[in-house]
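A.B. asks: With the input below, show me the fold.
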Amino acid sequence: MIRRADLLAWNDVRKPAFLHVVPRGKEVNSPGLILASGSPRRRELLGKLGVPFKVVTADVVELDAVSSPQLTPTDLAIENARLKANAVAKRPEAAGCWVLGADTVVALGDCVYGKPATLAEAKKFLGLFRGRSHEVITGGVLLDPAGGENVFYDLSRVIFRDFSDATIDRYLTEVHVLDKAGGYALQQHGDWLVERVEGSEANVIGFPVEVIERLLKSRGLL
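C.D. replies: So this is what the prediction gives:
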């Protein structure tokens with residue numbers, strides 16, 4: 001398990017964090033890459049790297065702070081990414097392909113915030129975040145065709161403005177947030193809420209392209 005203290009010690013928010021696990025099997029060069037996510041934001045960001053890929057999704061029961069309280073925010077994101085990637089890798093259309101899974105969580109202190117279940121919960125999240133800084137962590141797993149695993153994560157710190165309740169209400173009216181970790185989207189009127197980001201803005205959106213680009217290049221996929 002990656003301890004929270006280790007995460008903060010290892011990660012310099014000025015540079016993407018990267019954890020590379022040596023594959024268990026023999027490396028196989030394959031032109032096929034699958035993104036195990038239905039997120040249009042991840043699809044758009046991966047597309048900007050210029051690597052050919054297709055999207056395949058599978059239903060999984062994701063872990064959360066309630067079901068897995070022993071996991072750090074980083075471990076939680078990585079484990080959910082692993083669940084997604086492994087589920088897709090079992091699909092017939094994934095045979096002979098690399099599979100990339102990712103998951104993003106928001107952490108404030110020792111509390112982890114996923115996707116809000118209701119607008120009332122989203123409003124509560126934003127009220128807790130305002131005037132403070134929180135962490136956005138994306139964990140990822142890239143599976144190779146031989147069963148090898150490459151694990152990565154990235155962490156960004158987001159500092160929120162001290163905005164009013166009226167701003168929260170306006171934001172929730174303008175932006176659909178129920179599919180977004182923490183209940184907000186940096187790319188959609190984020191300036192209403194966010195004072196600044198320390199680290200990768202792409203990571204806050206849910207896909208740390210700087211880390212992923214390095215990983216894909218190291219595996220011969222880009």
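
A.B. asks: the strands in this protein, which residues?
C.D. replies: With DSSP state E as the criterion, the chain has strands at 33-35, 54-55, 98-108, 111-113, 133-143, 149-160, 194-198.

A.B. asks: Flag every buried residue along stretch 61-80.
C.D. replies: 63-65, 71-80 (16 or more other C-beta atoms under 10 Å). No exception for glycine: its C-beta is placed from N, CA and C like everyone else's.

A.B. asks: oh sorry, the question was meant for stretch 44-51
C.D. replies: 45-46, 51.

A.B. asks: how close does the residue lying farthest from the centre of the chain sit to residue 126?
C.D. replies: The centre of the chain is farthest from one residue, residue 166, which by C-alpha atoms, centre = their mean lies 28.9 Å away. Residue 166 sits 12 Å away from residue 126, going by C-beta to C-beta, to the nearest Å.

A.B. asks: what's the answer for residue 111, then?
C.D. replies: Shown here: residue 111 relative to residue 126, a distance of 14 Å by C-beta to C-beta.

A.B. asks: Neighbour count for those two, which is higher?
C.D. replies: residue 126 (23 against 11; other C-beta atoms under 10 Å).

A.B. asks: ok, the more buried one - contacts?
C.D. replies: Under the criterion of C-beta atoms under 8 Å, 6 or more residues apart in numbering, the neighbours of residue 126 are 168, 171-172, 183-184, 193.

A.B. asks: Thought residue 156 was touching residue 203, still the case?
C.D. replies: Yes. Contact status for residue 203 versus residue 156: in contact at 4.6 Å, counting by C-beta atoms under 8 Å.

A.B. asks: can you list residues touching both of the two?
C.D. replies: residue 136.

A.B. asks: if you count what's nearby, which of the two comes out ahead?
C.D. replies: residue 203 (28 against 24).

A.B. asks: residue contacts, that one?
C.D. replies: Neighbour list for residue 203: 16, 104, 136, 138, 154-156, 211 [criterion: C-beta under 8 Å, 6+ apart].

A.B. asks: any idea how far it is from residue 153?
C.D. replies: Taken as C-beta to C-beta, the span from residue 203 to residue 153 is 9 Å.

A.B. asks: Pull up the overlap in contacts between these two.
C.D. replies: With C-beta under 8 Å, 6+ apart as the test, residue 203 and residue 153 both reach 138, 211.

A.B. asks: before we move on, the earlier item: closest to residue 177 out of the contacts of residue 203?
C.D. replies: Nearest to residue 177 among the contacts of residue 203, counting by C-beta to C-beta, is residue 104 at 13.5 Å.
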